[in-house]
Each structure stands twice: as structure tokens, then as C-alpha cells.
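K.L.:
Pasting a predicted model and its sequence here:
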Amino acid sequence: MPGGRLTQQERQQIALGVADGLAYAEIARRLDRPTSTVTREVMRNGGPTAYRADLAHRATERRAHRRRESAPRGPQTAPQAYGRDAEAVRDYEEAFTTLLMQQGLPKMMARVLTCLFTTDAGSVTASELVRRLDVSPASVSKAVAFLEGQGLIRRERDERRRERYFVDDGVWYESMIATARTNAKLADTARQGVGVLGSGTPAAVRLENIARFMDFVGESIIRAAEQAREILYTRPEPGPDAADGPAPDHG
């Protein structure tokens with residue numbers, strides 16, 4: 001499988017595939033690239049409705065140029081904990097951010113949440129976010145307020161009286177339960193339509209089927225989430241290198 005940056009020809013093929021309505025996985029298969037590479041490429045360059053190969057190529061070149069210029073003095077060049085490959089970590093964080101954006105999170109909020117999920121300590125301060133993401137304090141403040149309002153993160157004061165932001169292990173459980181509640185509301189609304197449109201009519205039958213489907217899916221989500229909840233709090237078995245002790249978290 002080829003590595004390295006996408007070529008301009010590959011970007012043109014991506015643009016043609018997006019215009020033809022092909023799935024990212026199919027475009028990636030034709031290019032012999034990972035699906036995440038194509039997904040990230042499209043999402044960071046306008047999305048499926050605005051992606052253009054020439055603009056995406058120029059934007060990538062500008063980003064690469066900025067990284068080269070800032071590399072000698074940028075904090076992002078600090079050594080990675082546990083001997084991690086800094087470029088691989090950065091690519092993974094971009095892929096994770098793209099996935100969160102596809103699920104509806106605004107870009108800045110997705111970047112902050114990704115930063116928290118990939119930080120060994122599981123918490124960061126506002127100044128750490130500003131430094132790691134290279135954004136303004138105002139952008140961080142807005143993103144944190146949004147994520148806290150959604151129940152995705154929480155904040156506490158540390159021993160130095162600084163605000164520190166945490167991501168809880170149970171956030172995915174709460175997210176699944178919230179999804180189940182949304183499904184239940186949709187099922188209730190669909191059933192209201194059955195009475196309005198007349199039981200047995202084609203439209204009412206359609207709505208009743210939607211309600212039954214949402215009921216089943218919602219109940220299944222709650223049951224699965226309750227059964228699997230403890231997985232979120234399970235610590236993995238130590239790997240073969242654990243005996244050497246953890247390296248410091250430079251993040």
C-alpha cells in the first residue's frame with residue numbers, strides 16, 4: 001500500500017469519486033489507500049459538497065510549508081511519551097477529529113475532545129490546549145463551554161487553582177443512553193402521527209413501523225450499554241514493555 005502524501009492526480013481521482021457519489025471506502029480502494037486517508041482529505045478541504053482537487057492540493061502545500069517554518073520553535077516538536085512517533089500521532093489525531101466531525105461535532109470542539117482522549121493524563125488545562133492546538137484562548141473557552149454543556153467533559157480546579165478539563169471514561173455510556181432517549185422521543189412522535197393521519201392508512205403504517213423500529217433499536221442500545229458499561233473502566237493487562245515503567249507525558 002503506498003504511503004506518503006496524496007499526489008495531485010490522486011486528489012483529482014478523489015474529486016471525481018466524490019462527484020460521482022462514491023463511498024470513501026470505494027474511492028480509497030481504487031487508490032489503494034486507507035479509507036481514513038480519503039475521509040480526512042475530503043473533510044479538511046471543504047467536505048463532500050465543496051471539495052476541489054486543485055484547492056486541496058494548494059492548501060496541503062501551504063500547511064506543510066507552515067509546519068516546516070514553525071518546526072524549530074513550535075511546542076508540538078516536544079518528544080513524545082512512550083517513544084511514540086510524533087507524525088503518526090498527529091495523523092491519528094487528525095483522523096479521530098475527522099470522525100468526530102462526521103458525527104456532528106464542530107471542528108474546534110472535535111479537536112479539543114480528541115486532545116483529551118489522546119492525552120495519557122486524561123486532563124489538560126486551557127493553556128495546554130492553546131499550546132497544543134495552536135489556537136486562541138477564546139477558541140478554547142468556547143469549545144470547552146460547548147463540550148461541558150453536552151456532558152462530554154467536566155472541569156475542576158487543580159492544586160494551583162487552574163481550571164483543568166477532564167474526559168470521563170463513562171462519556172461513551174452517557175452518549176449511548178442519550179441516543180436511546182432520542183430514539184424514544186422519535187418513536188413517540190411517530191405514534192402521534194398515526195392518530196393524526198388515521199390508523200391503517202399508508203402514511204400511518206409507515207410511521208408505526210418507524211416507531212416500532214426505534215423502540216427496538218433504543219431498547220437494544222440501552223441493554224447493550226448496561227451490559228458493556230464495565231468495559232469502559234477495565235484497565236488493560238500490562239504489555240511486555242510495562243516493566244520499564246511509564247515514560248513522562250510531555251503532552
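P.N.:
Good, I have the coordinates.

K.L.:
mind listing the strands for the protein?
P.N.:
Along the chain, the segments classed as strands by DSSP state E run 123-125, 154-157, 163-166.

K.L.:
Run through the residues that contact residue 129.
P.N.:
The contact partners of residue 129, taken as C-beta atoms under 8 Å, 6 or more residues apart in numbering, are 112, 115, 135, 140, 144, 165. (Each C-beta comes from the backbone N, C-alpha and C, glycine too.)

K.L.:
For residue 134, see how far away the fifth one is.
P.N.:
From residue 144 over to residue 134 the distance is 16 Å, taken as C-beta to C-beta, to the nearest Å.

K.L.:
more neighbours, those two?
P.N.:
With neighbours defined as other C-beta atoms under 10 Å, residue 144 and residue 134 compare such that residue 144 has more, 22 against 12.

K.L.:
Skipping its backbone neighbours, what lies nearest that one in space?
P.N.:
Excluding its sequence neighbours, the residue lying closest to residue 144 (C-beta to C-beta, 6 or more residues apart in numbering) is residue 165, at 5.9 Å.

K.L.:
rewinding a little: looking at the strands of the chain, which is closest to residue 98?
P.N.:
Nearest to residue 98, of all those, is strand 123-125, at 20.5 Å by C-beta to C-beta.

K.L.:
Which neighbours in the sheet does that closest one have, and how are they oriented?
P.N.:
strand 163-166 (antiparallel) (DSSP bridges).

K.L.:
what does the strand it pairs with rub up against?
P.N.:
112, 116, 122-126, 129, 144, 153-158.

K.L.:
What are the buried residues along that strand?
P.N.:
164, 165 (16 or more other C-beta atoms under 10 Å).

K.L.:
same check, this time on stretch 219-235
P.N.:
For stretch 219-235, by 16+ other C-beta under 10 Å, it's 221, 222, 225.

K.L.:
who touches residue 48 in this structure?
P.N.:
Contacts for residue 48 (C-beta under 8 Å, 6+ apart) come out as 18, 42.

K.L.:
Looking at the contacts of strand 163-166, spot the one nearest residue 103.
P.N.:
residue 112 (14.8 Å).

K.L.:
before we move on, back to that, buried subset of the contacts of strand 163-166 as a ChimeraX selection?
P.N.:
Entered in ChimeraX, the line below selects the buried ones among these, by 16+ other C-beta under 10 Å:
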select :112,116,123,124,125,126,129,144,153
